[in-house]
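Undergrad: Could you look at this predicted model? Sequence included:
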Amino acid sequence: MERYQEIERSIIKRFRKEIWCKFTKAIRDYKLIENKDKIMVCMSGGKDSFLMAKCFQEIKRHGKIEFEVYFVVMNPGYNEENLKQIKKNAKILNIPIEIFNSNIFLSVEVMNAKSPCYMCARMRRGHLYNKAQELGCNKIALGHHFDDVIETNLLSMLYGAEIKTMMPKLYSENFAGLELIRPMYLIKENDIKLWSKYNELTFLNCACKMTLESQIDEDKSKRKEIKNLINDLRKVNPYIEYNIFKSMENINLTQILGYKKNQDKYYFLDDYDNKKEV
């Protein structure tokens, strides 16, 4: 048995409950893949997107849905060593990747943005949507996982003063006919790390030029701060992650001060007196 086949087997056997079942559950529950879809799987070179690519290969091979899939790596300005690592992992995992250049790192550095990570993410998204259109795809898949979701929930509350979550899928506002999907939505980051370690795989972490040059201190980032907060809360309540996640689908509209949908806003006083007459 080839090494890539052993890695594939680990997904559906050793990590069936933690990874494979959660991957297929997200696809079913959120209706992420449909017949005749053309999906561009976006690969950054990290563990999350490489695992996502393998899961896509498995579900295409064994699933009942007919769809096309393209494995695409955007090179935003990686150094040669990082590019070699990506190509090496693609070969080990038997993933036929296509690499295209964008030089985003150079653009962000020249712009000297106050929030380079935010700017980089926005620019990446635009290049990926353009590439998806070029390939004739109707969906792009990103490797955001369960931890990304709950961290976003708390970031929005504590630093954005609003309640919102990272959605499992959404239509693009600027690219007609394109939809973003997140099939790793229910998979925990620690299980991805265990899968990687089990198969003795080494992936890129953050290959950002500004991080490598110490212009960005990841340990002081807001997301890192939230991650540490969740870890501390887990010591008190082992169900804290699940509760944060489920809270986004258990919002009681009768017990909140207000909410907004599109351009419409609602405040609890708008119909408060009407309830007195009931």
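TA: Right, received. Where do you want to start? Residues are numbered from 1 along each chain as shown.
Undergrad: What values do phi and psi take at residue 184?
TA: Dihedral angles of residue 184 (phi, psi; degrees, to the nearest 10) stand at phi -90, psi 10.
Undergrad: Do I have it right that it meets residue 143?
TA: Yes - with contact defined as CB atoms under 8 Å, residue 184 reaches residue 143; the gap is 5.3 Å. (C-beta placed from N, C-alpha, C; glycine too.)
Undergrad: Touching both of those two, which residues are there?
TA: Here residue 184 and residue 143 have 48, 51, 52 as joint contacts, going by CB atoms under 8 Å, 6 or more residues apart in numbering.
Undergrad: Tell me which of those residues fall in strands.
TA: Among these, no member is found in strands (DSSP state E).
Undergrad: Could you dump the residues you listed into JSON lines with pLDDT, distance to residue 38 and neighbour count added?
TA: Below are the shared contacts of residue 184 and residue 143 laid out as JSON lines (pLDDT from 0 to 100; distance: CB to CB, whole Å; neighbours: other CB atoms under 10 Å):
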{"residue": "48", "pLDDT": "97", "distance to residue 38": "22", "neighbour count": "22"}
{"residue": "51", "pLDDT": "98", "distance to residue 38": "21", "neighbour count": "27"}
{"residue": "52", "pLDDT": "98", "distance to residue 38": "17", "neighbour count": "26"}
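Undergrad: Of those, just say which sits nearest to residue 35.
TA: Using CB to CB, residue 52 comes nearest to residue 35 of the shared contacts of residue 184 and residue 143, at 20.4 Å.
Undergrad: How about the closest one: what's its closest non-neighbour residue?
TA: Excluding the flanking residues, the one nearest residue 52 by CB to CB, 6 or more residues apart in numbering is residue 143, at 4.5 Å.
Undergrad: Strands along the chain, start to end?
TA: Ranges of strands within the chain are 37-43, 67-75, 97-101, 139-141, 169-171, 179-181, 258-261, 264-267, based on DSSP E.
Undergrad: Just say which of those is most tucked in.
TA: Looking across these with neighbours counted as mean count of other CB atoms under 10 Å, the highest average goes to strand 139-141: a mean of 25.
Undergrad: so how far is it from its chain's centroid?
TA: Remark: strand 139-141 is offset 11 Å from the chain centroid, using CA atoms, centre = their mean, to the nearest Å.
Undergrad: And it, what does it pack against?
TA: With contacts defined as 3 or more CB pairs under 8 Å, 6 or more residues apart in numbering; DSSP states H and E, strand 139-141 has these neighbours: strand 37-43, helix 116-135, strand 179-181.
Undergrad: comparing the ones you listed, which gets the lowest mean pLDDT score?
TA: Here the lowest mean pLDDT among these goes to helix 116-135, at a mean of 80.
Undergrad: now the angle from that helix to strand 97-101?
TA: Per axes from the mean of the first three to the mean of the last three CA atoms, to 10 degrees, the angle that helix 116-135 makes with strand 97-101 is 120 degrees.
Undergrad: Are there helices or strands packed against helix 116-135, and which ones?
TA: Secondary-structure packing of helix 116-135 (3+ CB pairs under 8 Å, 6+ apart): strand 37-43, strand 67-75, helix 104-111, strand 139-141.
Undergrad: again, only this time at 10 Å
TA: On a contact count with 3 or more CB pairs under 10 Å, 6 or more residues apart in numbering; DSSP states H and E, helix 116-135 meets strand 37-43, strand 67-75, strand 97-101, helix 104-111, strand 139-141, strand 179-181, helix 209-212.
Undergrad: Parallel or antiparallel, which strands does the fifth one pair with?
TA: Meaning strand 139-141. Paired strands of strand 139-141, with direction, are strand 37-43 (parallel), strand 179-181 (parallel) (DSSP bridges).
Undergrad: and the last one, how far from the chain's centre?
TA: When you say that, I think you mean strand 179-181. Centre-to-centre, strand 179-181 and its host chain are 11 Å apart (CA atoms, centre = their mean).
Undergrad: Contacts for it, please.
TA: Here strand 179-181 makes contact (CB atoms under 10 Å, 6 or more residues apart in numbering) with 26-27, 30-33, 37, 39, 41-42, 125, 128-129, 132, 137-142, 144, 167-172.
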